[in-house]
Each structure stands twice: as C-alpha cells, then as structure tokens.
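Colleague: Need a 3D model of the sequence below.
(chains A and B)
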Amino acid sequence: MENLLITILLTSIPILLAGLGELVTEKSGVLNLGVEGMMLCGAVAALGSVLIFGNPYIGILFGAVAGILISTVFSFFTITLMTNQVATGLGLTIFATALTGLIGEPFVGKTAASLPKLEIIFLSDIPYLGKILFSNDILVYFAIFLIFFIHFGFQNTKIGIIIRAVGDNHDSAHSIGYSVKLVRWISTSFGGMCAGMGGAYIPLALTPHWSEGMTAGKGWIALALVVFASWMPIRLLIGALIFGGITILQFVAQARGWDVPSQFLNMLPYLATILALALISFKLKQNNYAPTCLGKHFLGNK
Amino acid sequence: MTNNLDSMTFIEVKNLSKTFDQFLANDSISMNIKKGKIHALLGENGAGKSTLVKCLYGVVKPTAGQILINNNHVIINNPREARSYGIGMVFQHFSLFPALTVSENILISLDEKITKKNLEDKISITAKQWGLPIEPTKKVLDLSVGEQQRVEIIRCLLQNPKLLIMDEPTSVLSPQEINQLFKVLRKLANSGCSILYISHKLNEIKQIASKVTILRSGKVISSTDTSKISTTSMAEKMIGKKVKKITKISKNNFLNSSTAISINNLNRKKLSQFGTELKKISFNVKYGEILGIAGVAGNGQVELMNALSGETLGDPDEIIFEDKKIGNTNIKFRRSLGLEFVPEERNGHATVPDITLTENTFLTFYNTYLKNSNFLDDILLSSNMSSNDSKSIINDNDVRCPYSNPLADQLSGGNLQKFIVGRSLKANPKVLIISQPTWGVDIGAASEIRSKLLELAKLGKAIILISQDLDEIYEISNNICVINNGSLSTPKKTSKISATDIGILMGIN
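Modeller: Numbers count the residues shown, from 1 in each chain, chains lettered A, B, ... in the order given. Predicted structure coming up:
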C-alpha cells in the first residue's frame, strides 16, 4: 500500500510541475499549448546531460534550461511577433517531438543514473507518512514547495499580483506603467522551466531510458489540469494525484490480471480529463477564475 | 510673464505635438496649469484630449515639444515617472483589474514597499479622510461603477498627487454621485493639488473649473477663465460651427394615438453572476411617443434590451405588440412585425466589425432581398441591393467613410452609430428600441442622431430610448422612467420629473 501511494505521487510529479508552470503562464494571459513539447525537450536534455556528466542534478539543470530555451521560441513568436498562440503552441509540440527524436537517437538503449532519495531526518521516521512524504528525491520536495510558493506568491507578493493583473486586464496594466510583454515573457519562461523540469523527472526518476515521445501525453494532461484546477495551485495537486492514480491503476490492473481490455485502461486518464473538464465547466459559469486576457494579444500603443 | 506668476504654475506644456503615422493628433499645444486650480480640457472625441493627457502621464511619448514642471524641463518616459513627479490619473475606462481586490489593485500601482495588510489600513484611513467609502478586501468586479471610480481616486490620493488628471469622470455617475465627486475635487484643489478635468459636458465645466482650454482637431482654440465664456460659445468653439438647436415635438400629439407596445410584468433571471435580474417590468409606449429609460449603467439595461429584442425569451404575454403576444418570439419574427433594435455595443453587436458596411447591410436585410425571386437571382441581385441600400444609408445620414464601403470598425464611433441608426430607419420600423445611442459619440453626430429620433417620433412611430445620458433623456423624451437594480419606476412626464427625482430613483443618496 505504501509503495502504491509513493508510486502514485511520483507518477504525478511531471504533470504537477508542468501544470504549475503552465498555471503561471496562463495567469499572465498566455496560452502555451506547447507543454508536451517543452517536457520532451526537458526529458532529452536531462537524459543526455546525465549520460555525459553522470550527475542527475546536472540533469535537472539541463532540463530546466532546455525548457526555458524552447519556451523562448514560443514567446518570441507569440508575444513579440504576435502569432496565434494556439497554432504556435501546437506547432511547438510537433516541432519538439521530432527534434527530441533526432537528439535522443544516440541515447536509445542507455540507462541514466536516477535521482537519489533524500530522507529528511526525524520526519522520515513518522510511520506511513514519513515513507511517503519525507523520503523522496529533490524534485518531489521542490514540486510541493512550488505549490505553496505560487499560491502564496499570487496572493501576497507584488510580482504575483502583477502577473495576475496582466492576465486580467493588459490594457490597464500597460496604462499604469507595467510592461505587459516583459511580464508575459518572464511568466512563459517560468512555465518553460517548470515543464522542462517536469519532463526531466521522467528519465531521472521514472523510466531511465530514452524512447521517442516518452512523455506520452503528460503535457496535455497538465494543460487540462490547469483548467480542471480553476487556476488554483492546490487544486492542481489534487488533480495531478487523481491522474497519477488512474495511470497507476492501469499497471495494477495488468499486474493483477483484471479482465479489462488494456486499451480501455489506456483511455482512462484521458476520459477522466474530459469528464473533469465537463464537470468543471458546468461549475465555471458560477465561478469563473479564468484569466480574462487568456490567449489574447497585447497590441500596446502604436 | 513675471516670476511671481511662474511660481504659481505647476505644469506647463510648450508646443507639444504628437503624430500617429500620418495623423497629427496634437498640433503644437501650449497650456499651463496653476497650483490648486481646477483646469478643464474641453473637446470633441478625436480632438486630441486623450493624446495630450497620455503624453502628460507618460503613456505615449510626444513627437515634439516640451513639458515643464515647476519651471524645470522634464521628460516623462512612463507612468511611473509621471507618478514620481506627482501626476496621478483617473482613467475614463477605468484602469482597474476586475478579478483583483481593491487593495491589490492599489498595491501594484504604488511604487513604495508596503504589505497588503498595512495598505488595507491605509486605504480605510484615506477613504474616511476624503469621504470616499470603500471596502479594501472586496473584488473590483463586485463594485458599482461609482465605487470603482473611488478606487481610482484613492489610488491617486495615496501618492500625494500635485496634479490629478480626470478623464470624463462623470459620464458614468448619477447626479448625486457627481455632486459628491465635485465636493472631493474642490477639497483636493483647496489642499493645493491641481486638477486637469477633461470633459465635453459644458455645464459641468462651468460649475467646477476656473479655467478652460478648448481643443479642436489637435489645436488649442481658446484658453480662458470659465467666468468669461458662455456655454454656447464654448460649444461653438469646440465643434467649430453653430450648434443645431433641436426642437421637440409639441407635447401631447401622441395622446390620442393607440398603444404600440406594452410590457407586462416582465421578469428575467440574471444571465451571469454579475448580471442583473429584471423584476416585474411594466410600461406602455404609444405611437408618436419617446419613452426615456434612465439609469446608471449595470442596473439591468442590457438585460432589458435583450428581453425586448428577443435575445432572451419569456412568456408570450410579457410583451404585447399591437394585439400580438410576442414575449416568446425571436428577433427575426419581431423585426418582421416592424420592431427595430439598436443595441448598446455598436461594434460587435449592432454590426460585425471586420466585414464591410455593404455586407453588414446584407445581413440585416437579406430576408427582404431574398423574397419573390429564385435562387440564382438571389445570389446575383442581393449584393447589388445591399450595396445600393448601404450607399443610401450612408448618404441619407451623412456617414463619413474613410473610403467607399469600409469595414465597420474602420468608422469612428459617431459615424458607425449614424450608420446603424440609419439602417434601422431604412427598415421603416413601427417601434424603435435603442440603447445608449450617443455613448462616446461626438456632439455633432449625437445631435444628428437625436434629431433623427425626433423626426421618427413625429412620423408617429414609437421609440424606447435606454440611455445613461440624462441630458439626452431630457432633451428628447416625452416620458421618463428610471431603471434601478432591475426594477423600473413608473413613467412620468418629462416636465414633471427633476434630475433630483431621477437621482433618488437611481437609488443613490
């Protein structure tokens, strides 16, 4: 049981990280559909760097940087050149899938070192909870820290409020003297960094081999989760755990030999996404948390 | 000018010009604002008021010219620098963030470091001090328009401004709220803060400002003491020609005519969390009558317009046109009976912004074009017919287009509105229901639109006019009622209802 819960937590980390990043990006008014692509870039950069340098922490760094770099491409197109965000985001994912396939070719069949578990003294000795929560690798702690950091940041820090303000009404933000484009660049880069780290987590902790398209739709789920969580970091954690749980359910079902077609199990996380979205959008009429300027271009003053 | 006089000046603008592409928005403007005085800036839409003010607040950069503050030459690169010089601004379309709370809204425009908690206390103190009650933890989208303006003013006050710029501050307020605002402005001026008051309402300028600068097509036409200029000559200077006097129809010529449309106990649930529920709305309009529905924005005008036009449906007998129960029928059917509707939002609701005027005309009239002919003829003829119709609308209503058959959103607000009203008249309606017809429209176009409405009433048609502009309501309506929080007051004769009465009916003390 303990192991099962740990597995669920670990499985949900890439989605959680990528989702948190996308949440910040969307709060600033940018809809980046390239999460899947950014995660793939993070994954291949992490794996490659670990194979070269042998240190999994270097892998995190490379994953994050790769995420930032690829998100910069997106920022340049959508924020500076003002291309369509949806098309550019989709293009980014398609581009990154092929690019990482190319880069990852030499890594096929090689195994990378995994992130070591860091046990927190005293806390990890708590029965049950200690094993699950306090003897994990650094990115698990980081992701959980990030939830509270973002939640607190949006409520209480000036930069957090500015990001929300830019997503809420970019014309007003401009007229009181903030650079809408700069805020969006930074938020999108933050989203890229998180997606890169989320992607890096897959080879560094879950499956230490390269396979083309190894993120397997996690980026899309992260995207859906942001909406599912109505742009609230804590709800995002709940959502990520649900999706993590359903993903693990597939393996459990296979292991126990349940008589359910595997195709049906493969479908489940996505089905849950759609159901969750439908339920939430039902509720959204009452409680609209969506950033008002999401996906809109800021033209600025000519 | 003596040194003594100069020390009284807070800000001076010398030969300031601003061009957008080829367009000269400000043409070598010079003016100065004295300390502790209320200085009005008057001009029609497009006269260059906003551009000038945006230069002062650092939102746009002037192409040429100088700005002097306390006799020192300054360059204002962005609003933050403007604020550091003591310039604060209250925007016409508020620069607030609806999803954020009052204190968060204020926090991000302050340049000092302060925690949210401390700021909330500070807001409450300032609010009390100036008589601008506000709840700092409320979200802005839950505030009324008047309260939102208070947030903007408090935001400026917290920066101890030396010059407060107010862009059309009263266009959204009730008469009582306007008086309250003027009290605050006078108090502020007495404390030594200069105020640049932008408006196109002449009476207000007379009432509040000591000096007025009049702009027309980007140039300063006149700059004098308000005591030395009449409202009529202000208006003439502003539009550059004599103002057409509108003559109202003799009062009772519709008394004997029959009822055109009657609304009985109309109820509508609110469409969104921030909408307004319509409660038991009842009124009658006779042929030849103009019924004015006054009210502060956001009190159910949009919902009422939707119910009247058929965008939201209800019970059949809620709306009775002549003898037909039409409360549950759609827009198309209502229009076929001879009702016409002009919604508030001209760009995107009354017209499709990015298609041409001819195409917009086609969308309105395709039903009549497609009658009595075969399919092939329809395709070939309807484009001709809509093109002819749109040309005649443009000519009959003096719609000024940048070139022939432009896209709808390439027209200025006033010209587009003239086109929309003209298009409704073209349908030869029995009843015209029109919402905020002159909102944001310049004086010339507004008076043309109003005379068109009067002409239509003279022909014996019924008109329902929903408007926030009290002057407009008084100018052309026969009867007036007020919509407040989704309820409608009983219509009264225009001569029997004062602005104070209306203010009370608007529910603001």
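Colleague: ok, the residue in chain A positioned nearest to chain B - contacts?
Modeller: Closest approach between chain A and chain B, counting by CB to the nearest CB: residue A:177, at 3.4 Å. (C-beta placed from N, C-alpha, C; glycine too.) Contacts for residue A:177 (CB atoms under 8 Å, 6 or more residues apart in numbering or on different chains) come out as B:58, B:78-80, B:82-83, B:109.
Colleague: and it, that one's in a helix?
Modeller: No. Using DSSP: H, G, I helix; E, B strand; the rest coil, the assignment for residue A:177 is coil, not a helix.
Colleague: What's the separation between it and residue A:9?
Modeller: For residue A:177, the distance to residue A:9 (CB to CB, to the nearest Å) stands at 43 Å.
Colleague: for residue B:413, same thing?
Modeller: 57 Å.
Colleague: between those two, which one's more packed in?
Modeller: For residue B:413 versus residue A:9, neighbours defined as other CB atoms under 10 Å in any protein chain shown are more numerous around residue A:9 (21 against 17).
Colleague: re earlier: what's the closest of the contacts of residue A:177 to chain A?
Modeller: residue B:79 (3.4 Å).
Colleague: Torsion angles phi and psi at that closest one?
Modeller: Main-chain torsions, residue B:79, degrees, to the nearest 10: phi -60, psi -30.
Colleague: ok, it - how many residues close by?
Modeller: The number of residues near residue B:79, taken as other CB under 10 Å, comes to 22.
Colleague: which non-adjacent residue is nearest it?
Modeller: residue A:177 (3.4 Å; CB to CB, 6 or more residues apart in numbering or on different chains).
Colleague: Which ones among the contacts of residue A:177 map onto helices?
Modeller: Counting by DSSP state H, the contacts of residue A:177 place B:79-80, B:82-83 in helices.
Colleague: Those, buried ones only, as a PyMOL selection?
Modeller: One line in PyMOL is enough to select the buried members of these, burial here meaning 16 or more other CB atoms under 10 Å in any protein chain shown:
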select buried, chain B and resi 79+82+83
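Colleague: next structured bit after the longest helix anywhere in chain A?
Modeller: Looking across chain A with DSSP H, the single longest helix is helix A:2-27. Downstream of helix A:2-27, the next assigned helix or strand under DSSP states H and E is helix A:35-53.
Colleague: and that following helix, how far from the chain's centre?
Modeller: 14 Å (CA atoms, centre = their mean, to the nearest Å).
Colleague: So which bits of it are buried?
Modeller: For helix A:35-53, by 16+ other CB under 10 Å, it's A:35-51.
Colleague: now swap in stretch B:450-462 and tell me
Modeller: B:450, B:452-454, B:456-457, B:461-462.
Colleague: Among those residues, pick out the one closest to residue B:192, please.
Modeller: Using CB to CB, residue B:450 comes nearest to residue B:192 of the buried residues of stretch B:450-462, at 41.4 Å.
Colleague: what about the helices in the stretch 351-500 of chain B?
Modeller: For the stretch 351-500 of chain B, the helices defined by DSSP state H, counting those that start in this stretch cover B:357-369, B:375-396, B:413-426, B:443-458, B:470-476, B:499-505.
Colleague: Dihedrals phi and psi, residue B:281?
Modeller: The phi/psi pair for residue B:281 (degrees, to the nearest 10) is phi -90, psi 130.
Colleague: shouldn't it be in contact with residue B:488?
Modeller: Yes. Residue B:281 lies in contact with residue B:488 (CB atoms under 8 Å); the separation is 4.7 Å.
Colleague: Now do the shared contacts for the two.
Modeller: Listed as contacting both residue B:281 and residue B:488 by CB under 8 Å, 6+ apart are residue B:304.
Colleague: isn't residue B:92 right up against residue B:170?
Modeller: No. Judged on CB under 8 Å, residue B:92 makes no contact with residue B:170 at a distance of 10.3 Å.
Colleague: The residue in the stretch 301-450 of chain B positioned nearest to chain A and residue B:129: what is the separation?
Modeller: The nearest approach of the stretch 301-450 of chain B to chain A comes at residue B:409, 13.8 Å away (CB to the nearest CB). The spacing between residue B:409 and residue B:129, counted by CB to CB, is 44 Å.
Colleague: Over to residue B:435?
Modeller: Look at residue B:435 and residue B:129: by CB to CB, they are 39 Å apart.
Colleague: So for the two, which sits in the more crowded spot?
Modeller: Using other CB under 10 Å as the criterion, residue B:435 and residue B:129 rank with residue B:435 on top: 26 against 11.
Colleague: So what pairs up with that one in the strands?
Modeller: residue B:466 (DSSP bridges).
Colleague: Buried residues, whatever helix or strand residue A:234 lives in. List them.
Modeller: Assigned by DSSP H and E, residue A:234 falls within helix A:233-256. Neighbour-count burial for helix A:233-256 flags A:233, A:235-237, A:239-250, A:253 (criterion: 16+ other CB under 10 Å).
Colleague: Show the model's pLDDT score for residue A:273.
Modeller: We have a pLDDT of 65 for residue A:273.
Colleague: Quick check: chain neighbours aside, which residue is closest to the residue of the stretch 301-450 of chain B closest to chain A?
Modeller: residue B:353 (3.8 Å).
Colleague: Contacts only, for that neighbour.
Modeller: Counting by CB under 8 Å, 6+ apart, residue B:353 has contacts B:347, B:407-409.
Colleague: among those residues, which ones are buried?
Modeller: Buried, going by 16+ other CB under 10 Å: B:347, B:407-408, out of the contacts of residue B:353.
Colleague: Show me what the helix or strand residue B:55 falls within is packed up against.
Modeller: Residue B:55 belongs to helix B:49-56 when elements are defined using DSSP H and E. In terms of contacts (3 or more CB pairs under 8 Å, 6 or more residues apart in numbering or on different chains; DSSP states H and E), helix B:49-56 is packed against strand B:9-20, strand B:23-34, strand B:38-42, strand B:163-167, strand B:194-199.
Colleague: mind running it again at 7 Å?
Modeller: Contacts defined by 3 or more CB pairs under 7 Å, 6 or more residues apart in numbering or on different chains; DSSP states H and E place helix B:49-56 against strand B:9-20, strand B:23-34, strand B:163-167.
Colleague: for that helix, the distance to its chain's centre please.
Modeller: That offset, for helix B:49-56, works out to 19 Å (CA atoms, centre = their mean).
Colleague: So what touches that helix?
Modeller: B:16, B:18, B:25-26, B:29, B:41, B:43, B:60, B:62, B:67, B:82, B:87, B:165, B:167, B:198, B:215 (CB atoms under 7 Å, 6 or more residues apart in numbering or on different chains).
Colleague: Output that helix as CSV, nothing but the C-alphas.
Modeller: In CSV, the C-alpha atoms belonging to helix B:49-56 read as follows (Å, rounded to 0.1, in the frame of the first residue of the first chain):
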residue,chain,number,x,y,z
LYS,B,49,-7.6,65.5,-25.4
SER,B,50,-6.7,61.9,-24.6
THR,B,51,-3.5,62.1,-26.5
LEU,B,52,-2.4,65.2,-24.7
VAL,B,53,-3.2,63.7,-21.3
LYS,B,54,-1.4,60.4,-22.2
CYS,B,55,1.7,62.5,-23.0
LEU,B,56,1.5,64.1,-19.6
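Colleague: could you give the angle of that helix to strand B:9-20?
Modeller: If you take axes from the mean of the first three to the mean of the last three CA atoms, to 10 degrees, helix B:49-56 sits at 110 degrees to strand B:9-20.
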